[in-house]
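Asks: Output the structure for:
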Amino acid sequence: MAVVEYFYATHSVYAYLGASKFIEITSNQNHKIVHKPFNLPEAIIGAGSITIGERSAAHLDYFFRREVERWSEFRGVPLKTFLPTHHFNSLAPSSAMLIAGSGLGLNIDKLAHAMMKFHWLYDADLADKETLDTIARSVGIDPLPLLAVIESEQILKIFRANTMEAIKRSVFGSPTYIVDGDMFYGQDRLDLVERALVNPFQ
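Replies: Just a heads-up that it's a prediction; the model follows:
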């Protein structure tokens, strides 16, 4: 059984596009997933890259439109919009909810996927507590114990630590999968992740 460290932002379109496939290939062999939701905008700068707003129109049109269109079609993952209304709201509430759930021993694979799905398909605001309540209930998770602690210093400290760890380990973006120490950046590397889970690369 491999250990997969899963670095992602809850609003990441590429994490959303790969989420179902990732759950599928990891659950087949009951591998351990260690969720590490992090603050992607901060980590991008910390890793030495430039912000989304500093990138060229051509880059944005290709990487966040054409590539997204193709992967959406290829993976059969529906999208409603290329920029949800609340996309630039804080990632702390949704990330903290996942961290709290993990701390309680819950399987949060489906909750993380549901957050991404609601954001990209239903234009959900992942910083809104009522929305997070609805999302958790949609996958059979009681949201109340999680929402009660999403603003606690203990939980937010883990969120900050995940972000600092991402920067330290040169996690370039979301999603990033680290299989027993071997890093794979991007959902387009999931075929390699699947191979590494059963036959690690030399």
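Asks: which residues touch Tyr14?
Replies: Contact partners of Tyr14, counting by C-beta atoms under 8 Å, 6 or more residues apart in numbering, are 68, 71, 173-175, 186-187. Backbone N, C-alpha and C define where each C-beta goes, glycine included.
Asks: try it again with 10 Å
Replies: Residues in contact with Tyr14, defined by C-beta atoms under 10 Å, 6 or more residues apart in numbering, are 8, 63-64, 67-68, 71, 116, 173-175, 185-188.
Asks: who wins for most neighbours among those residues?
Replies: In terms of neighbour count, Tyr8 stands highest of these at 30 neighbours, by other C-beta atoms under 10 Å.
Asks: Now the phi/psi pair for it, please.
Replies: With angles defined as degrees, to the nearest 10, Tyr8 sits at phi -160, psi 160.
Asks: Any stretches of this structure with poor pLDDT?
Replies: Flagging of the chain using pLDDT under 70 yields the residue ranges 50-51.
Asks: got the residue ranges for the helices in it?
Replies: For the chain, the helices defined by DSSP state H occupy 13-27, 40-46, 57-61, 67-75, 92-103, 109-122, 129-138, 144-147, 153-168, 190-198.
Asks: Contacts for the shortest one next, please.
Replies: Surrounding helix 144-147, the residues in contact under the criterion C-beta under 10 Å, 6+ apart are 93, 96-104, 106, 108, 111, 129-130, 132-133, 136, 155.
Asks: How far does that helix sit from its chain's centre?
Replies: The chain centre lies 20 Å from the centre of helix 144-147; the measure is C-alpha atoms, centre = their mean, to the nearest Å.
Asks: If you drop the residues flanking it in sequence, what lies closest to Phe118?
Replies: Ala124 (3.7 Å; C-beta to C-beta, 6 or more residues apart in numbering).
Asks: mind listing what the one you found touches?
Replies: Here Ala124 is in contact with 11, 84-86, 94, 114-118, 131-132, 134-135 (C-beta under 10 Å, 6+ apart).
Asks: and those residues, which are buried?
Replies: Neighbour-count burial (16 or more other C-beta atoms under 10 Å) applied to the contacts of Ala124 gives 11, 84, 94, 114-118, 131-132, 135.
Asks: ok, these vs Lys36, which is closest?
Replies: Nearest to Lys36, judged by C-beta to C-beta, of the buried ones among the contacts of Ala124 is Ser94 at 13.7 Å.
Asks: any idea how far Glu5 is from the closest one?
Replies: Note on Ser94: its distance to Glu5, by C-beta to C-beta, to the nearest Å, is 19 Å.
Asks: Ok, Val171 next?
Replies: Counting by C-beta to C-beta, the gap from Val171 to Glu5 is 9 Å.
Asks: can you check Ala96 too?
Replies: Note on Ala96: its distance to Glu5, by C-beta to C-beta, is 19 Å.
Asks: Looking only at neighbour counts, state which of these two leads.
Replies: More crowded of Ala96 and Glu5, by other C-beta under 10 Å: Ala96, with 25 against 21.
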